[in-house]
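Sequence below, structure please.
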Amino acid sequence: MTMRLIMMLLVLFSARAALAAEAKVKVLSATIKDKAIGGAQLTFQTSGQSSVKATTADDGTATLTAAPFGGADDGNVNLIIEKQGFSALVVKCPCLGMTYALSENMTRAEGIRVVLNWGNAPRDLDSHLAYGENHIFFQQKKGEQANLDVDDTDGFGPETVTVDGWVPEKDYVYAVHNYSQASDVGKKSFSGSKAKVFVYKRNILQRVYEVNPEGVGNLWVIFRVDKLGTINDINQYADVSDTTKVGKFVLGKQWNTGASGADGVVSTFSDLVLKKGPALVELGWSQKGRFGFVTFDYKGGTPCVTVGVQDMITDARMLEEKQCGPNAAGKTPASVDDWRLVDGIEQKLQGLNLQPVSRPLYRFPHAKDGDTLDVKVNGDELIASSAKKGSKSLGKLSAIDAKAAQKDVGIEGFFQSPFEPRVAVLYAVPVAKEGGYDYIVKVSGFHLKVGFKK
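Take a look at the predicted model:
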């Protein structure tokens, strides 16, 4: 081996080692241009390994001494970013070297916020929101009850659109235009962009859309909000060279809205980590250990939304109200967003003192404060274990669940109360149906500090 070749290999090895050491993620504000977010907590998770954590410095950068999980930075890794006063962000990796934007909590519950992030190229991707006579983009940043908060022209993003209220009887269409390659037609303009779009509603992350690098076109048409306020996934590509004509184009075309979970679409917040069964999202907690949640699934082909409140101290179900098919007003639920279609539900929730929260669904095993928490099925019991404190039983499964456990009970993760060290564990139970199995999601609670035995 020649000396020149040895030197080249040493340079290559050194460069790769330097890259491995530079495991960084940057966090900015979604609504104030170039404002760094310090003190944000980052949690990297992958199945079967302890979580890796980092905190952003004042410049918004979180630096890890080494890339997590032996350098794995792919779709098997999730990143959770949290900070008080902001909606939690959950995203599938690749993440290292990327910039993400945290959404400040919105004051109007009916509004939505759409945040676009991408990599260092192309330099300029543009958000477009079209509805009625309005076309919001960089040349027209304000519209009727909506505006473009942040416009970015030098890579990474964010670009942020906030809708404070809805114009009656109008459809809204959101799209991303590759302004840097607006003249390119018939090409994979988004290839290599790593673009992702995050949609927040009620300060909870509801949708994450990931660009398809094989999509042909310089316009990525992502979703439509219909007249009922339901988000419909589009996720299609087209070519529009004139950026001023994007609004008319997306409103003038009949888009095929696919079912949630289409390629490139993570249909709900929980779907990032909840792989089986119906969608479940957190509704809120009370200071007395009550956990409120919403599920959406199909019963015999009929869409159903269910609102539940469960006491996480006793596991007693305090409320369970369901709406399958049209309600008294003739409206049919289409997702977890439609829980208010359950007749009289807001009145029934009064007095339970639930506080709305926006916190992620953590996966097991979960590492925190030098301890690792896990929950598993052992025979007919749910068992919680702590590396420091030992283990404890969370109770026996029902006879039906215990039989199902012989097939596959999936322990999906947990939500944690903001008021005390108490959690709600979600687990998916298989239920026999013709041709195989379906899954239902169940909830069980326990306290993180008491009851463990070595």
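
wait, what's in contact with the closest residue to Cys324 other than its chain neighbours?
Nearest non-adjacent residue to Cys324, counting by Cβ to Cβ, 6 or more residues apart in numbering: Cys304, 4.0 Å away. From N, CA and C alone the C-beta is placed, and that goes for glycine too. Residues in contact with Cys304 (Cβ atoms under 8 Å, 6 or more residues apart in numbering) are 296-298, 322-325, 333.

Going through those, which ones are buried?
Neighbour-count burial (16 or more other Cβ atoms under 10 Å) is assigned, among the contacts of Cys304, to 296-297, 323-324, 333.

what's the farthest-apart pair in those?
Using Cβ to Cβ, these span at most 12.1 Å, a distance reached by Asp297 and Gln323.

tell me the least confident of the buried ones among the contacts of Cys304?
Lowest pLDDT of the buried ones among the contacts of Cys304: Asp297, 74.

what about the spatially closest residue to Thr257 that is not a sequence neighbour, how many neighbours?
Leaving aside its chain neighbours, Thr257 sits nearest to Asn232 (3.8 Å; criterion: Cβ to Cβ, 6+ apart). Other residues near Asn232 come to 18 when the count uses other Cβ atoms under 10 Å.

same question, the one 5 residues further on
Other residues lying near Tyr237 total 19 when counted by other Cβ under 10 Å.

Now the residue nearest to Thr257: which helix or strand?
Asn232 is part of strand 231-238 when elements are defined by DSSP states H and E.

Give the buried residues for the very next helix or strand once past that strand.
Remark: after strand 231-238, the chain's next helix or strand is helix 246-252, criterion DSSP H and E. By 16+ other Cβ under 10 Å, the buried positions in helix 246-252 come out as 246-247, 249-251.

which residues are contacting helix 246-252?
128, 130-131, 134-135, 137, 171, 173, 175, 177, 219, 221, 238, 240.

please redo it, this time with the cut-off set to 6 Å
128, 130, 135, 173, 175, 177, 221, 240 (Cβ atoms under 6 Å, 6 or more residues apart in numbering).

Strands - which of those residues land there?
Using DSSP state E, the members of the contacts of helix 246-252 that fall in strands are 128, 130, 135, 173, 175, 177, 221.

the helices in the stretch 201-350 of the chain, which residues?
246-252, 345-349 (DSSP state H, counting those that start in this stretch).

Show the subsequent helix or strand relative to the last one.
This means helix 345-349. Following helix 345-349 in sequence, per DSSP H and E, is strand 366-368.

buried sites along that next one?
In strand 366-368, counting by 16+ other Cβ under 10 Å, buried: 366-367.

now what about that strand, what contacts it?
Strand 366-368 is contacted by residues 50-51, 373 when judged by Cβ under 6 Å, 6+ apart.

strand partners of it, parallel vs antiparallel please.
strand 371-378 (antiparallel) (DSSP bridges).

Run through the stretch 301-450 of the chain and note the low-pLDDT ranges.
Applying pLDDT under 70 to the stretch 301-450 of the chain picks out residues 301, 358-359, 398-410, 430-439.

where exactly do the strands run in it?
In the stretch 301-450 of the chain, the strands defined using DSSP state E, counting those that start in this stretch lie at 302-311, 317-324, 366-368, 371-378, 381-386, 390-396, 410-416, 422-433, 436-447.

picking up where we left off before, nearest to Pro421, of the buried ones among the contacts of Cys304?
Checking these one by one against Pro421 (Cβ to Cβ), the nearest turns out to be Phe296, at 29.3 Å.

if we can go back for a sec, distance to Leu96 for the contacts of Cys304 - can I get that in JSON lines?
Output for the contacts of Cys304, formatted as JSON lines (distance: Cβ to Cβ, whole Å):
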{"residue": "Phe296", "distance to Leu96": "34"}
{"residue": "Asp297", "distance to Leu96": "36"}
{"residue": "Tyr298", "distance to Leu96": "38"}
{"residue": "Lys322", "distance to Leu96": "43"}
{"residue": "Gln323", "distance to Leu96": "43"}
{"residue": "Cys324", "distance to Leu96": "44"}
{"residue": "Gly325", "distance to Leu96": "46"}
{"residue": "Pro333", "distance to Leu96": "39"}
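
how about the CA coordinates for stretch 347-355, as PDB?
In PDB, the C-alpha atoms belonging to stretch 347-355 read as follows (Å, rounded to 0.1, in the frame of the first residue of the first chain):
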ATOM      1  CA  GLN A 347     -71.400  19.500  28.900                       C
ATOM      2  CA  LYS A 348     -70.500  16.000  30.100                       C
ATOM      3  CA  LEU A 349     -66.900  16.900  30.500                       C
ATOM      4  CA  GLN A 350     -67.700  19.900  32.700                       C
ATOM      5  CA  GLY A 351     -66.900  19.200  36.300                       C
ATOM      6  CA  LEU A 352     -64.200  16.600  35.600                       C
ATOM      7  CA  ASN A 353     -61.700  19.500  35.600                       C
ATOM      8  CA  LEU A 354     -59.500  18.300  32.700                       C
ATOM      9  CA  GLN A 355     -56.700  20.600  31.700                       C
END
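
Tell me which residues of that stretch come out buried.
So stretch 347-355, judged by 16+ other Cβ under 10 Å, has buried residues 349, 354.

what's the burial count for the spatially closest residue to Pro326 that is not a sequence neighbour?
Nearest residue to Pro326, sequence neighbours excluded (Cβ to Cβ, 6+ apart): Thr332, at 4.9 Å. The number of residues packed near Thr332 is 17, by other Cβ under 10 Å.

Next: Arg340.
Look at Arg340: counted by other Cβ under 10 Å, it has 16 neighbours.

any idea how this structure splits into domains?
1-103, 106-267, 274-454 (automatic domain parsing).

Comparing those domains, which comes out most buried?
The highest mean neighbour count among the domains of the chain, using mean count of other Cβ atoms under 10 Å, belongs to domain 106-267: a mean of 19.

what about the strands in the stretch 1-150 of the chain?
23-29, 41-46, 52-55, 61-64, 77-82, 89-92, 99-102, 112-117, 125-131, 134-136, 142-143, 146-150.

what's the spacing between the residue nearest to Leu28 when sequence neighbours are not counted and Tyr200?
Nearest non-adjacent residue to Leu28, counting by Cβ to Cβ, 6+ apart: Ala101, 5.1 Å away. As judged by Cβ to Cβ, to the nearest Å, Ala101 and Tyr200 stand 11 Å apart.

Show me what the nearest residue to Ser385 once chain neighbours are set aside is bridged to.
Among residues not flanking Ser385 along the chain, Ser391 sits closest, at 4.2 Å (Cβ to Cβ, 6+ apart). Ser391 has the following beta-bridge partners by DSSP bridges: Ser385, Lys453.

Would you agree Ser391 is in contact with Glu381?
No: in this structure, Ser391 is not within contact of Glu381 by Cβ atoms under 6 Å, at 10.4 Å.
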